[in-house]
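[1] sequence first, predicted model second:
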2 protein chains.
Amino acid sequence: MANPKPNTAGSLEGIRVIDLTRVISGPFCTQMLGDHGAEVIKIEPPERGDIVRSQGNMVEGFSWYFAQFNRNKRSLTLDLRRDEGKAILHRLLEGADVLVENFRPGVMAKMGLGDATLRERYPRLVVGRINGFGSTGPYRDRPAYDFIAQAMSGFMGVNGPADGEPMRAAPPISDMVASQNLAFGICAALVRRERSGQGEIVETALTNGLIGMMGYLAAEFFATDRVPARTGNDHPMLYPYGLFRASDGEVAIAPSNDIMVERFLGALDMLHLLDDERFCDNARRMANREPLREILTRVTEQRRVDQWIEHLNRAGVPCGRVHDLRETFDDPQVQAQQMKIELDQGAYGRIPTTGFPVKMSEAPAAVHRPVPQLGEHTQEILRELGVDEGALEALRANGVI
Amino acid sequence: MANPKPNTAGSLEGIRVIDLTRVISGPFCTQMLGDHGAEVIKIEPPERGDIVRSQGNMVEGFSWYFAQFNRNKRSLTLDLRRDEGKAILHRLLEGADVLVENFRPGVMAKMGLGDATLRERYPRLVVGRINGFGSTGPYRDRPAYDFIAQAMSGFMGVNGPADGEPMRAAPPISDMVASQNLAFGICAALVRRERSGQGEIVETALTNGLIGMMGYLAAEFFATDRVPARTGNDHPMLYPYGLFRASDGEVAIAPSNDIMVERFLGALDMLHLLDDERFCDNARRMANREPLREILTRVTEQRRVDQWIEHLNRAGVPCGRVHDLRETFDDPQVQAQQMKIELDQGAYGRIPTTGFPVKMSEAPAAVHRPVPQLGEHTQEILRELGVDEGALEALRANGVI
């Protein structure tokens, strides 16, 4: 499926989310909820708002980095250090289904929003929470950033060349994974609430999320008691597999079993290599990886990347170009899947951003709202709460909103 | 939260999932559903079952790689190429809430389970689907593997050292991310079904999922029209930040703003560097990254990693050790968060596996069932469907189960 035409507001239509999060983890989660139809009210401190509003490349004063994580939300400014601000938050929570926060453990309690209070006052509320290390344990109070989570989860340690240093992934992968975990957990809690009527606290942590992604590498470590070695782009257990040099760049080729290796070598007109005792089975190909790489590269470097991709795909060998981001977003498949979309940001024009990876047949994700200006919906939301003009004026004069 | 004692079967209690998936993407998704209480019936071809059962390191004939993705499921063998097998699948679907599959596009239709059929016969069913590139577009039929998705999504292209080749992440990150997206989408569809009574087809693709993770790097590309450069472990816009050599290893240090840089340099007793015109602001520190790295390393290499971590955390500077997987699972915080758990596999003993990254206060994730042997629950499940002994015997004799 690409994104079919929406005929509803999305699967989460009618779910109201109060969003206290900022930066990446948290905002990415609430954006997923908003993409799928939830009504998200992003609460930001007056004056500066979410710090990401002033980070990354600004186009005419508008951060495209902020845009990447904050479509499908309304913005309400509110000083939560002030009693009047807290009172408004509580009025919002009375009508909310979900509250999401990514403060350090303890901050919510200091604001009078500890778990016990939330559960008592709002028994149907689903509370979603992201932090660095979890809210219990010896590191609960440590400051956490993606780079640290990548290091401590073991993720960085398995990535990178065999002869080089551990290597981070450039995207803040622990933030993104935690956001995905939280979006899942929040929806699972909503499924339960439909039946039980009871809310729930859902928590996930940057480090825990990445540990959960270690998958077969964790299994191999548990089974062998040996720490997995870094192998760069080479597969730890299969060869040929990896990047191969073509005349104008590199091709990623991933024959994952003997049948595909045969297809690959057949497509290279090199099937005779399977009769060579150095290369006749996977174990021997692993032992003689470097000579085999050299032989194969002498063939692959004779044609262009696009030629190999067409030829190998026709032979049923998984392969692809190593795209830079321009090539990714120019790719006809990526376009067919609408993985680049545009937000209509009024005076700022149309702003590109990444599309929706979760496609739904009946109530698809959609851009229900562009990215809000700071406090753009403050007045609208407070009026919905029944705050009258005089009270609004007083809140504004006192710097609460 | 760590994992509190379960007082229910999990948030997804009462949700019945029919699982046609194999390998990683798909099984990881249905395991997430099972961890949180869904009843998962894994349908496997008779004889060999899911190919991962015979992959990875085997301990006494039992694959710990398979265990990593298949707890909390029952196993039913069924030959879906046979009419009798299909008939049983349809009887299961009548009582199911969710069907999950990760075949190549078109395979389900060939099995008589195309979208139109599923929607007509099972209007309340949520169908979850993972494939490589999406089920529309020019590459829909291409074979897809994680390595190819990492290459084509642009993910590999932004990872790796500035002077080296694009670098994959070692875990099959596109499979894992797609599974997370699908678990979220399935639960969102269930939330909607509670209100609308209508099922939904939910689809996600390896490549689309990773494109969705490109986050601020995509935003930077869109804003500048320049492809982000690979910067290894260095932050593209901040310094100091990254790996620093201690006397016995490396420390990851991530001061993300000027205040934290001041704390970091203060903790090193190097605050005077901020008076040096080469290093007085972030732009100049970026321009003089190499001389500054050298100066700082001369300090950091004088103490051990654990000393720096204690010292810097006390100063409020985000930092951590680059763990290998042994260090990760030995870490007291990881243990406090129960991110390594054990499955009681009967004759195979207790098998370690990764824990639950999504913590729930009321209905937490738990090991409801260990990893099933191939076909372990075939008889039990068919009896639940009302298949009598004679029919069971005939199915077995004919190789359908």
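    Arrived safely, thanks for sending. Since this is a predicted model, take the numbers as computed values, not measurements. Residues are numbered from 1 along each chain as shown, chains lettered A, B, ... in the order given.
[2] surely A:D35 meets A:F356?
    Yes - using Cβ atoms under 8 Å, A:D35 is in contact with A:F356, at 5.7 Å. Every C-beta, even on glycine, is put in place using the N, C-alpha and C of the backbone.
[3] who touches both of these two?
    Shared contacts of A:D35 and A:F356 (Cβ atoms under 8 Å, 6 or more residues apart in numbering or on different chains): A:365-366.
[4] quick one, what contacts the residue in the stretch 301-401 of chain A positioned nearest to chain B?
    When scored by Cβ to the nearest Cβ, the stretch 301-401 of chain A has A:A336 as its residue closest to chain B, at 3.1 Å. By Cβ under 8 Å, 6+ apart, the contact set of A:A336 is A:2, B:134, B:136-138.
[5] which other helices and strands contact whichever strand or helix holds A:A223?
    A:A223 belongs to helix A:215-224 when assigned by DSSP states H and E. When contacts are defined as 3 or more Cβ pairs under 8 Å, 6 or more residues apart in numbering or on different chains; DSSP states H and E, helix A:215-224 sits against helix B:64-69, helix B:325-330, strand B:350-354.
[6] show the pLDDT at the spatially most central residue of chain A.
    Residue closest to the mean C-alpha point of chain A, counted by Cα atoms, centre = their mean, is A:M176 at 3.1 Å. A:M176 is assigned a pLDDT of 98 by the prediction.
[7] cool, and A:S256?
    Here the pLDDT value assigned to A:S256 is 87.
[8] before we move on, what about A:C280?
    We have a pLDDT of 95 for A:C280.
[9] residues contacting the residue lying closest to it once chain neighbours are set aside?
    Spatial nearest neighbour of A:C280, chain neighbours left out: A:L274 (5.7 Å); criterion: Cβ to Cβ, 6 or more residues apart in numbering or on different chains. By Cβ under 8 Å, 6+ apart, A:L274 lies in contact with A:262, A:265, A:280.
[10] name the element the second one belongs to?
    When elements are assigned from DSSP H and E, A:L265 belongs to helix A:258-267.
[11] next SSE after that helix?
    helix A:282-287.
[12] beyond that next one, next helix or strand please.
    Following helix A:282-287 in sequence, per DSSP H and E, is helix A:289-300.
[13] can you give me the buried ones in the next helix-or-strand element following that next one?
    Beyond helix A:289-300 on the C-terminal side, the first helix or strand identified by DSSP H and E is helix A:305-314. Buried residues in helix A:305-314, counted by 16 or more other Cβ atoms under 10 Å in any protein chain shown: A:305, A:308-309, A:312-313.
[14] give me the low-pLDDT residue ranges for chain A?
    Applying pLDDT under 70 to chain A flags residues A:1-8.
[15] got the domain boundaries for it?
    What the record gives for chain A is the domain set A:16-214+A:338-397, A:242-330, from automatic domain parsing.
[16] please identify the deepest-packed of those domains.
    Compared across those, domain A:16-214+A:338-397 shows the largest average neighbour count, a mean of 21 (mean count of other Cβ atoms under 10 Å in any protein chain shown).
[17] distance from it to the middle of the chain?
    Mean-position distance between domain A:16-214+A:338-397 and its chain equals 12 Å (Cα atoms, centre = their mean, to the nearest Å).
[18] can the lengthiest helix in chain A be found next to chain B?
    The longest helix of chain A (DSSP state H) is helix A:173-196. Yes - with Cβ under 8 Å from any Cβ of the partner chain as the criterion, chain B is reached by helix A:173-196 at A:173, A:176-178, A:180-185, A:187-192, A:194-196.
[19] give me the beta-bridge partners of A:T354?
    Per DSSP bridges, the residues bridged to A:T354 are A:K340.
[20] returning to that earlier point: let me know the angle separating the helix holding A:A223 from helix B:173-196.
    Taking axes from the mean of the first three to the mean of the last three Cα atoms, to 10 degrees, one finds helix A:215-224 and helix B:173-196 inclined to each other by 120 degrees.
[21] now do the buried residues in helix A:215-224.
    A:215-223.
[22] could I get the contacting residues of A:L273?
    Residues near A:L273 by Cβ under 8 Å, 6+ apart: A:265, A:279, A:292, A:295.
[23] what do you get for A:P236?
    Counting by Cβ under 8 Å, 6+ apart, A:P236 touches A:228-229, B:170.
[24] sorry, back to before: any chance of the helices and strands packed on helix A:215-224 in JSON lines, plus distance to B:D344?
    Below are these laid out as JSON lines (distance: least, Cβ to Cβ, whole Å):
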{"stretch": "helix B:64-69", "distance to B:D344": "12"}
{"stretch": "helix B:325-330", "distance to B:D344": "19"}
{"stretch": "strand B:350-354", "distance to B:D344": "6"}
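[25] ok, A:P228 - how many residues close by?
    For A:P228, the neighbour count with other Cβ atoms under 10 Å in any protein chain shown is 20.
[26] what helix or strand does it sit in?
    Assignment of secondary structure by DSSP H and E places A:P228 within no helix or strand.
[27] quick check: it vs chain B, distance?
    7 Å (Cβ to the nearest Cβ, to the nearest Å).
[28] test my guess that that residue contacts A:L217.
    Yes - proximity of A:P228 to A:L217 meets the contact threshold set by Cβ under 8 Å, at 4.9 Å.
[29] intersection of neighbour lists for these two?
    A:158, B:170, B:325.
[30] the last one contacts A:S153, correct?
    Right, B:L325. No - counting by Cβ under 8 Å, B:L325 does not reach A:S153; the two are 9.3 Å apart.
[31] what's the overlap in contacts for the two?
    Residues within reach of B:L325 and of A:S153 at once, by Cβ under 8 Å, 6+ apart, are A:M214.
[32] let's see stretch A:119-126 as CSV, backbone CA atoms only.
    Taking Å, rounded to 0.1, in the frame of the first residue of the first chain, the C-alpha atoms of stretch A:119-126 are listed here in CSV:
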residue,chain,number,x,y,z
ARG,A,119,-3.5,7.3,39.2
GLU,A,120,-5.8,8.6,41.9
ARG,A,121,-7.1,11.7,40.1
TYR,A,122,-7.2,10.2,36.6
PRO,A,123,-7.9,6.5,36.9
ARG,A,124,-8.6,6.1,33.2
LEU,A,125,-5.5,8.1,32.1
VAL,A,126,-2.7,6.3,30.2
